[in-house]
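In: The following comprises the amino acid sequence and a computationally predicted model.
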Amino acid sequence: MSTPGTPTAKPSAKAAARAQAQRERILVAAQQCFVVHGFHAASMANIAETAGMSAGLIYRYFKGKNDIILAIIERQLEEARADVAKLHSSSDLVGGIAEVFQQWQANDPSITSAALFLELTAEATRDPEIAAATHASDKVFRADLASWFARSAAEGGLGVPKEQVATRVLILQSLIEGLAMRAISQPDLTVEQVKDALSQFLPSLLTAEA
């Protein structure tokens, strides 16, 4: 038993890694359930069954369903920021965006799928807490894109004139989110068709001079 004033022992690296793995397992299961059933119809019991664990264990990591949704929004932001970071270092921007589209088409449960993105967007119109988290996440992502557009080529950016940055960021975000919709509404759209369309449009958007 610890005595008053004794610091609480921090969890070991192994315990922390296990907790993170459990959280990830729950989030992946929740994403699958939300896509299949929708946020409101999906229950904690559904999530527990999909994750292969008890509902009680889930409550050790998340207070409830809204807490899981907020964690998914945070996870979505991390994925988006990682995708932008990859684009920074890639000479094939068309291929990079087309790869994300292909993942959406495959409905990969380990990432934020196009269907889940639409569920999150719809839920943000109904739940103020989800709306606030979604708006905050979008603001951070826009800032990342704006920084990339504005930095000089020597600094790893695109060197876009300052007065054009916000407009071009809006266009790029609209393009990417539109491709998420295409992945659902046009399932026969091929990656090659997407690459061809991007090849005709992206160069003018991502060069310093429009």
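Out: Great, that's in hand.

In: Run through the chain and note the low-pLDDT ranges.
Out: The chain contains residues with pLDDT under 70 at 1-11, 89-91, 109-110, 209-210.

In: Can you tell me the element the spatially most central residue of it falls in?
Out: By C-alpha atoms, centre = their mean, the chain has its centre lying nearest to residue 76, at 2.2 Å. Assessed by DSSP states H and E, residue 76 sits inside helix 65-89.

In: Other residues contacting that helix?
Out: Under the criterion C-beta atoms under 8 Å, 6 or more residues apart in numbering, residues 23, 26-27, 30-31, 34, 39, 42, 44, 47, 62, 93, 96-97, 100, 111-112, 116-117, 120, 123, 127, 129-130, 133-134, 137, 140-141, 144-145, 148, 156 lie in contact with helix 65-89. C-betas here are computed from N, CA, C, even on glycine.

In: Cross-check the contact I'm expecting between residue 22 and residue 61.
Out: Yes: assessed by C-beta atoms under 8 Å, residue 22 is found in contact with residue 61 at 6.1 Å.

In: ok, back up a step: pull out the buried residues from the contacts of helix 65-89.
Out: Taking 16 or more other C-beta atoms under 10 Å as the criterion, what is buried in the contacts of helix 65-89 is 23, 26-27, 30-31, 34, 39, 42, 44, 47, 62, 93, 96-97, 100, 111-112, 116-117, 120, 123, 130, 133-134, 137, 141, 144-145, 148.

In: After the helix holding residue 76, which helix or strand is next? Please name it.
Out: Next along from helix 65-89, by DSSP H and E: helix 93-106.

In: Only alpha carbons, please: show that following helix as CSV.
Out: The C-alpha coordinates for helix 93-106 follow below in CSV (Å, rounded to 0.1, in the frame of the first residue of the first chain):
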residue,chain,number,x,y,z
LEU,A,93,1.4,13.4,-55.5
VAL,A,94,-1.1,12.0,-58.0
GLY,A,95,-0.1,8.4,-56.9
GLY,A,96,-0.3,9.4,-53.3
ILE,A,97,-3.9,10.7,-53.5
ALA,A,98,-4.9,7.8,-55.7
GLU,A,99,-3.6,5.4,-53.1
VAL,A,100,-5.8,7.0,-50.5
PHE,A,101,-8.7,6.6,-52.9
GLN,A,102,-7.9,3.0,-53.3
GLN,A,103,-8.0,2.4,-49.6
TRP,A,104,-11.4,4.1,-49.4
GLN,A,105,-12.7,1.8,-52.1
ALA,A,106,-11.3,-1.3,-50.3
